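**Student:** The sequence isn't on hand, but the structure is:
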């Protein structure tokens, strides 16, 4: 509890100290750029060095930041209502670009969009650099932030300002050489956890309140489906079904010009989802004993404290790239000796590729992962029973190994009715510039999803943040909620209960649990019964 109190007080004092300095500065509204930041996992202090650079490069201009506690105010709603007084907003979980064609009225003027278009700075070179924002941004994020109009033309209204991948965080202070290397596959991971338990080590800790396992199982789904397959799913296609000659929707992947159905409830019978749920049930089952049943009822801050303090001998925790920044004010550097491991590849991928043994043995899959990781230079001998060539198998495994869920809710927007749009655009160019990225990395250890040579700041980053940012640079990304069914129709991976799916597998009381198969089948039934409502709410005819 002492740790928690100190953490809370430290965070409050930090926010006060940073923005208090700017609040005391005499301001001329005509020469002041007003910025608002949603205070999420990465805090707000990262803006301070950027402000210093910007004011130095713009004599006579002042920048005044303010912050909003995460979840306290819907910042985007204020922009869309025409009521915000800010010139630039850094928000979390907004999906702001989906509202770019929504009219807004401010001071009696009607605008075609609540946001200022920023296509010009996306396409022109960043001052002093050879690349534009569009060229420098990681391609998947550029695609996600592209607003395609009804005539097919493309515009830009939002810019991502942070990326924090989710993975399995390891307490390196508790790691022993006898554990070997971190497991490659989900079957390996289950065996690894069992070995730890037998040695008196608690494999992992998590909180049902904020269970990042719910993010990780979406990665296993994406690994199984592949990047093209998971994009197809989030675009509303039933990838594992097709339309036969009679026009019926039947199980099986479309062949020879057959149609893949779209906007049908069978999309929720995605095989990757089924396999992912099975893995999650296996590792969270209380009977396995991989985590303490009392811990999962705690709030996520207490859980993070227990993990980092190391007193309970807990080796791992699912979490995000923001963990260190959230907790560093309350811990010494040796207490934050953590790293983020790559998420194990779902073992069922080996069955899909036809390289697992008849008994489900995934040793070939694991050996191929060693090869794509560079752990070995020797590719194991294998033959796919599904007819895949060796190079096809390796390519699929390589993609699965690098799969990272894109935290795409971090969006910067400029209200269209701001009187300082040009200044706000220049500030966004600074965020995307090498000097801006370097300043953010040194301050908070993280960065916007742009191409950047991390070696230049390696000495300024903790091992944890260096590993996190490497994942950002090298990841194969998939984006959730890309179609209207998810964004406007409120469709989720699992829909029939309000709790996160983790509680159905990890609950200590048997009556509160469900099997993965039941969750999977009941989810389909639930969605199918309400399908017309989902489509109507999404605006799909």
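**Tutor:** Cool, the structure landed. This one's a predicted model, so the numbers in the text were calculated from it and none came from an experiment.
**Student:** neighbours around residue 194, how many?
**Tutor:** By other C-beta atoms under 10 Å, 15 other residues sit near residue 194. All C-beta spots, glycine's among them, are computed from the backbone N, C-alpha and C.
**Student:** if I pick it, what's in contact with it?
**Tutor:** Taking C-beta atoms under 8 Å, 6 or more residues apart in numbering, we find residue 194 in contact with 288, 290.
**Student:** Confirm it sits in a helix?
**Tutor:** Yes. According to DSSP: H, G, I helix; E, B strand; the rest coil, residue 194 belongs to a helix.
**Student:** Show me where the stretch 151-300 of the chain has its strands.
**Tutor:** Using DSSP state E, counting those that start in this stretch, the strands of the stretch 151-300 of the chain run over 154-156, 159-160, 166-171, 202-204, 241-243, 249-251.
**Student:** Dump the ones you listed to TSV, plus distance to residue 87, mean pLDDT and mean neighbour count.
**Tutor:** Formatted as TSV, the strands of the stretch 151-300 of the chain follow (distance: least, C-beta to C-beta, whole Å; pLDDT from 0 to 100; neighbours: other C-beta atoms under 10 Å):
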stretch	distance to residue 87	mean pLDDT	mean neighbour count
strand 154-156	18	94	17
strand 159-160	14	94	26
strand 166-171	32	92	23
strand 202-204	44	96	22
strand 241-243	48	96	19
strand 249-251	50	95	13
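**Student:** Let me know which of these is the nearest to residue 65.
**Tutor:** For the strands of the stretch 151-300 of the chain, the distance to residue 65 is smallest for strand 159-160, at 17.2 Å, taking C-beta to C-beta.
**Student:** How far off centre is that closest one?
**Tutor:** Here strand 159-160 shows a centroid-to-chain-centroid distance of 14 Å under the convention C-alpha atoms, centre = their mean, to the nearest Å.
**Student:** what packs against that strand?
**Tutor:** Packing contacts for strand 159-160, counted by 3 or more C-beta pairs under 8 Å, 6 or more residues apart in numbering; DSSP states H and E, involve strand 411-413, helix 421-432.
**Student:** Partner strands of it, with direction?
**Tutor:** Here strand 159-160 has these sheet partners by DSSP bridges: strand 411-413 (antiparallel).
**Student:** Give me the contacts around the partner strand.
**Tutor:** 76, 79, 88-91, 94-97, 114-116, 145, 157-161, 428, 431.
**Student:** what do you get for stretch 487-502?
**Tutor:** 95, 98, 206, 208, 211, 213-214, 217-218, 221, 273, 277, 280, 284, 481, 485-486, 504, 519, 522-523, 525-527, 534-540.
**Student:** just how off-centre is it within its chain?
**Tutor:** Worked out by C-alpha atoms, centre = their mean, stretch 487-502 lies 17 Å from the chain centre.
**Student:** in that stretch, what counts as buried?
**Tutor:** 487-489, 491, 493-496, 500-502 (16 or more other C-beta atoms under 10 Å).
**Student:** In helices, which of those residues fall?
**Tutor:** Among the buried residues of stretch 487-502, the members falling in helices are 487, 502 (criterion: DSSP state H).
**Student:** Residue 223: neighbour count?
**Tutor:** Residue 223: 31 neighbours (other C-beta under 10 Å).
**Student:** I figured it was touching residue 342, is that so?
**Tutor:** No. When contacts are counted by C-beta atoms under 8 Å, residue 223 is not listed as touching residue 342 (11.1 Å).
**Student:** and the gap between residue 289 and residue 146?
**Tutor:** Using C-beta to C-beta, to the nearest Å, one gets 47 Å for the distance from residue 289 to residue 146.
**Student:** tell me which residues form a beta bridge with the nearest residue to residue 47 once chain neighbours are set aside?
**Tutor:** Counting by C-beta to C-beta, 6 or more residues apart in numbering, residue 47 lies nearest to residue 65, which is 5.4 Å off, once chain neighbours are set aside. Judged by DSSP bridges, the bridge partners of residue 65 are residue 35.
**Student:** wait, doesn't residue 65 sit right on residue 35?
**Tutor:** Yes. If you go by C-beta under 8 Å, residue 65 and residue 35 touch, sitting 4.8 Å apart.
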